[in-house]
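S.K.: A structural model of the following input is requested.
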Amino acid sequence: MNCALLGRAIPERQDVADIGSGAGLPGLVLALSRPDLEVTLVEPLERRTSFLIEAVAALELSNVEVIRGRAEELHGLREFSVVTSRAVAPLDRLLRWSMPLVRPGGALVAMKGATVHDEIKAASKALSRFDAGAVSVEIYGSDLIDPPTTVIRVVQSGPQS
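M.R.: Residues are numbered from 1 along each chain as shown. Okay, the predicted model is just below:
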């Protein structure tokens, strides 16, 4: 449910990269609940990638691409309107992996936990280095689940320095 709620944070008809997709959270859930999105699942481990490919085929998802590799391997090759993740890394590391994939005007939209404000403070240098524009914390589903889904949104304001 918390992954489906992440869909509320993404505008219509966007191309989305889900880095560190693992078992498909949140990427597969987004693709199922939001067929208007084009979702690219990025996962470095072969067995997880095999599972994702099988799941995409079994669910007949035509809006999903699976890439076996690390996010950094796509830097300079691909850009997306939205890059998302769930429980992948602390914010400073997540910015290093994600922001080079976010096109100007797009955003990192990542699921985070209760320490999100501490992570933002700790990542202040990384936020500056990656030309982060607006940084916000958004809460979704407080009327549906406990705890609700906590999302950090980091807008890409321009090219990386």
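
S.K.: flag the shaky bits of the chain, pLDDT-wise.
M.R.: Within the chain, the stretches with pLDDT under 70 are 158-161.

S.K.: and the spatially closest residue to Arg78 that is not a sequence neighbour, how far from Gly27?
M.R.: Nearest residue to Arg78, sequence neighbours excluded (CB to CB, 6 or more residues apart in numbering): Leu101, at 6.3 Å. Every residue, glycine included, has its C-beta placed from N, CA and C. According to CB to CB, to the nearest Å, Leu101 and Gly27 sit 14 Å apart.

S.K.: neighbour count: these two, which is higher?
M.R.: Taking neighbours as other CB atoms under 10 Å, Leu101 and Gly27 compare with Gly27 leading, 31 against 24.

S.K.: which residue packs closest to that one, ignoring adjacent ones?
M.R.: Asp18 (3.2 Å).

S.K.: burial measure for that neighbour, as a count.
M.R.: Asp18 sits with 31 neighbouring residues when counted by other CB under 10 Å.

S.K.: please apply the same query to Leu45.
M.R.: With other CB under 10 Å as criterion, Leu45 counts 13.

S.K.: which parts of the chain are strands?
M.R.: Taking DSSP state E as the test, the strands found in the chain are 15-19, 38-43, 64-68, 80-86, 102-112, 132-140, 149-156.

S.K.: what's the angle from the first one to strand 102-112?
M.R.: With axes from the mean of the first three to the mean of the last three CA atoms, to 10 degrees applied, the angle from strand 15-19 to strand 102-112 works out at 50 degrees.

S.K.: what do you get for the fourth one?
M.R.: Relative orientation of strand 80-86 with respect to strand 102-112: 20 degrees, computed using the same axes, to 10 degrees.

S.K.: returning to that earlier point: isn't the residue nearest to Arg78 right up against Phe80?
M.R.: Yes. Under the criterion of CB atoms under 8 Å, Leu101 makes contact with Phe80 at 5.6 Å.

S.K.: what sits in contact with each of those two?
M.R.: Common neighbours of Leu101 and Phe80 (criterion: CB atoms under 8 Å, 6 or more residues apart in numbering): Ala17.
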